[in-house]
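**Q** Here's a sequence, model it:
(chains A and B)
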Amino acid sequence: MNIGKRHENLILTLCTMILAGLGAVMVWSATSVMAEASAGLGNDAAYFFKRQVLFLVLGASLALFLSRVDYDIIRRHIAALMGGTLVLLVLVFVPGIRHTANGASRWIDMWLFTFQPSELAKFSLIAYAAYAIDRKGENFGGGGREFLPILAVLVLYVALILKEPDFGTAVIITTSVVALLFIAGFSWRLLAGCGVVGIMGLVLAIVSKPYRMARLSAFLDPFSQAQAAGYQVVQSLIAFSNGGLIGTGIGAGKQKLFYLPAMHTDYIFSVIGEELGFAGVVAVGAVFMTLVWVGFRIARRARDPFGKYLAMGVATMIGMQALMNMMVGLQMLPPKGMVLPFLSYGGTSLILHLGAIGILTNISMKGAEVFVAEPDNSRRGNRRARVPGDCAC
Amino acid sequence: MNPRARIILGILAGVYCLIVFRAFHIQVLGVEGIRERGEKQYSVKIPLLPKRGEILDRTGTEFAVSLSTKSIYVQPSKLSSPDIAADLISRRISRPAAGLRKAFASNRNFLWVKRQMPSSTADEIVREVREALSRGKDDVGTAGIGTVEEPKRFYPNRELASSVIGFTDVDSNGIEGIELSLDKYLRGENAFLVCERDARGRIIVPADAPIKVNSAGHSVSLTIDRNIQHVAQTELVKAVKKHKARGGMALVMQPKTGEILAMANLPTFNPNSLSTGPPSARKNRIITDVIEPGSTFKVFTLASALELGAIDVRDRVFCEQGKFRHAGRTIHDTHKYGWLTIPEVIKFSSNIGMIKVSEKMDPGGFYDMIRAFGFGSKMGVELVGESRGLVPSRDKFSKIRRATVSFGQGIAVTPLQLASAMASVVNGGKMMKPYLVKQVTDPEGKVVYRGEPKELRRTISPKTSKQVREILGKVVQEDGTATQARIKGFLVGGKTGTAQKVEVGTGRYSPDKRIASFIGFLPLHDPEFLILVVVDEPKGEVYGGVVAAPAFNQIAVKTAYYMGLTPTEPVEREVARATRGEIGAGGVRMTRVATGPAEAESALVMPDMRGLSMGRVVDLMGRHSVRLELVGTGLARTQSPRPGGILVPGTACTVTFGAE
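**A** Coordinates of the predicted model:
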């Protein structure tokens, strides 16, 4: 099949629209009973739905805008982006500005809405990594000298995010950047070493805090403490179980009726599992995988290494976050606050992810018309795009 | 593409596959425990009253049934205007509106407004409230009010055998009688209204909420016979009224088996409206109260002395001309007697004669006989609250105590003990355990318990039993103490009793309060049933032979014909005709019976059919070969013969129906 630029853009838009549209519907289904019962929300069943649609419109506008602006602007203003992100991440700790929920200070109060800087940081760091790789240009060696500055920036930002605490975003940023560096050709020994150190740090962090240990044990055997630490996991599994093959139908799920906590944010996938069943789970996962696949195809055609790595980074990050969120819902990973891109309720996340799709579209539009593999079929990995400035990889 | 990019894509694709596998496992294959846990957390069970089993008599007549009624519930959190609902309901169920308003203003999820109402009334109220609440709106669904079916206990026979049947409280727990003692069989497993519940605990009652009934209660069939019970109770009422007594008891038992056919107490109560009578009227005094038996106890002294070989029926004792100084006390007889034969001592009920008889026995042997007859221990009938009675301990069984016990003083027994002991004396010496429960059947009709005759022990030999029966037969003869106990067609035996009551406060004998009793059986030579009649504190005449024996007579006649006993003695026409006015007051013709034993047929004692539907009347009377004439429509108003009257097969029974 010969898929060109236009097809890829179409698939990208289509996937995004499916996910974001389904998200709005599922948010409505998940929250209508809760919102109607809540006097604080004006007993408006459509409260969350309306807001999500508003975010959707804002995000779509941002995407449209970013798809028209040459993405090179990001490369040129990377210092401003990183600086601004850093300021916002620090503002989260300032009393009066910060907005705290569930014991975590992840948000900044912005009049009607709250803004979550860690969401921005995800994209900023991916952009920074792409920038750093691009700057090495032809001289790229993949050794420690190139690696250390990136690592230092990564550690600084991730440390701030961990401090909020926002464990989920920290994990997503770290794994996405490391994956991107791996693709870029950094020595796998170096990355593996960092990985070992990171895992050791993770183990230490878990062992040092009893509540993290409790969460881990609750993850391993949630049913032994179904009313306490294992509650979310158990309720999520019940939701999936209720769904069966084709689900209860949209709106007919029971788990969202105050059983499933954060059913419209972190656990929206469980609502999908209940109301759309196994079929919905497979389909939603498939749409995400298609999105990642298209992102990588766009990367191959990218005009320059920055665009290439930016596209791959964004695609990897969206894919990883989606899969990790699903794994948490299915008790394959320990719970950590992490939304499902496009589908979960939340302004910052939805708007920024749609914005990222806009950037991907722009990369695609600025890139070559089609990716043409070199005739050499013996080395399938050595295909190159006929794009000026493309590096050998 | 870059091979490393392929690795990353491959990892992501692999993880996606793992997710699909995991989801397939949970959603399609199913993991044990997850689904069940979900279902458990959604459903909430609101306990409903269990459907209790029925209590029937031996003929299958219902004595306690569970009627289908409806209970109204309200979900205050769903009421659109609680005050309107409260006012409406308050008017209909006559409960103060203020209380309802307050209850409805809460944000509770479920509360009962009124339980166990007639279905139509409950539905009407709910419809009315829903209409009022939905005014101006399209559809309000249940509007926060609804009904659930719940059974209510009902006793169709009202006062009849109520002290045996007992009653339940509003929560369907057995409180008295068989309802209490067989509660575990009758109760049934709890029923539930299964509702859904959200995580905030709010109950969602579907319009047609399923009622989960685990199992209805078992049915209990009693040995009581509705018709005999009716006769016993009616005659007891007559005797008590006639002698302006405080109360009374009547017991009909089969001496051969220990089956209790009727057990009546006065005063009594209507279990359908407990609040109208004093709680003391709900006691089954036949098992709970102890009385000094008086002369009826002489039977046991006699039987003991004969059994122990201390006396011979041909012996004579000197009765001291009515006054006897014995062990520091002076004992009197009502009449002066000199030398009396043993049968005469019983026949004339001489206290002094009984002392003489008892003195011939070894004291320990006498004591053991008294205990063997069951005095001082529970009989084990299927009721709660049975008394042991008061029997002096062996070391306190002194000479004077032996003397008074011999004629029934200084010992206290329950009427049930008295009847059971008497049964063993006349049935050939077998101490049969008295019982009330014929069988217990589960809802599927399987018999889970069957009451069977149980011989506890032997008391006396058949020879002694025969001797005592013959002596007791003389009591009702021309010059005996209970001539009024005689009935036509049968030889009967029995013994009168007139005991002074012990004052509750002082513990002394009351100067004027008496307990008059008669215990008798028939036919004399092969007793089929035994009847005890006790009248408490009769005014005027106080002697058992006058006060209790006539009631015995009536119960015995009707029971004998009802049971289809073949008259043992030829009954002459003129005698029968004379009897007609006496026992055939309901227009019953006795001529066929009177022609002789060979042609005798069983007569039917008329049940009380008033208030029954025509269908029930046909159902009830259809069991018997009677000609039924039904007049009018509606519920039965009058009947002929009257309730308790005797209907001989072949004659017509007329029931008139009318509107209420």
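
**Q** what's downstream of the one helix or strand residue B:102 maps to, the next helix or strand?
**A** Residue B:102 belongs to helix B:97-105 when assigned by DSSP states H and E. The first helix or strand that comes after helix B:97-105 along the chain, using DSSP H and E, is strand B:111-117.

**Q** Given that next one, what are its sheet partners and their directions?
**A** strand B:62-74 (antiparallel) (DSSP bridges).

**Q** Which positions in the strand it pairs with come out as buried?
**A** B:63, B:64, B:65, B:66, B:69, B:70, B:71, B:72, B:73, B:74 (16 or more other Cβ atoms under 10 Å in any protein chain shown). For every residue, glycine as well, the C-beta is placed using N, CA and C.

**Q** Could you dump the residues you listed into TSV with pLDDT added?
**A** Shown next, in TSV, are the buried residues of strand B:62-74 (pLDDT from 0 to 100):
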residue	pLDDT
B:63	91
B:64	90
B:65	88
B:66	85
B:69	84
B:70	85
B:71	86
B:72	88
B:73	86
B:74	86
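
**Q** Quickly name whichever of those residues is closest to chain A.
**A** residue B:74 (19.3 Å; Cβ to the nearest Cβ).

**Q** Surely that closest one is in contact with residue B:114?
**A** No - contact between residue B:74 and residue B:114 fails when scored by Cβ atoms under 8 Å: they sit 9.9 Å apart.

**Q** okay, and the common contacts of those two?
**A** Residues touching both residue B:74 and residue B:114 by Cβ atoms under 8 Å, 6 or more residues apart in numbering or on different chains: residue B:89.

**Q** can you pull out the strands in chain A?
**A** If DSSP state E is used as the criterion, the strands of chain A fall at A:98-101, A:104-110, A:113-115.

**Q** Show me what the last one pairs with in its sheet, parallel or antiparallel.
**A** With DSSP bridges as the test, strand A:113-115 is paired with strand A:104-110 (antiparallel).

**Q** What lies in contact with the strand it pairs with?
**A** A:88, A:91-93, A:97-101, A:114-118, A:164-166, A:337.

**Q** thinking again about what came up before, rounded mean pLDDT for the helix holding residue B:102, please.
**A** Helix B:97-105 carries an average pLDDT of 84.

**Q** what stretches of the chain score poorly on pLDDT?
**A** I went with chain A, as the question did not name one. Residues of chain A that meet the criterion pLDDT under 70 lie in A:1-2, A:102-103, A:111-112, A:137-144, A:226-228, A:258, A:372-393.

**Q** Oops, wrong one, chain B.
**A** Filtered on pLDDT under 70, chain B yields the residue ranges B:1, B:136-142, B:197-203, B:205-214, B:571-604, B:615, B:618-620, B:622-627, B:647-651, B:659-660.

**Q** Can you name the residues of it that neighbour chain A?
**A** B:1-9, B:12-13, B:15-16, B:18-20, B:22-24, B:26-28, B:30-31, B:33-35, B:37-38, B:41-42, B:196, B:198-200 (Cβ under 8 Å from any Cβ of the partner chain).

**Q** mind running it again at 7 Å?
**A** B:1-6, B:8-9, B:12-13, B:15-16, B:18-20, B:22-24, B:26-28, B:30-31, B:33-35, B:37-38, B:41-42, B:198-200 (Cβ under 7 Å from any Cβ of the partner chain).

**Q** What residues does residue B:550 make contact with?
**A** Contact analysis of residue B:550 by Cβ atoms under 7 Å, 6 or more residues apart in numbering or on different chains lists B:239, B:484.
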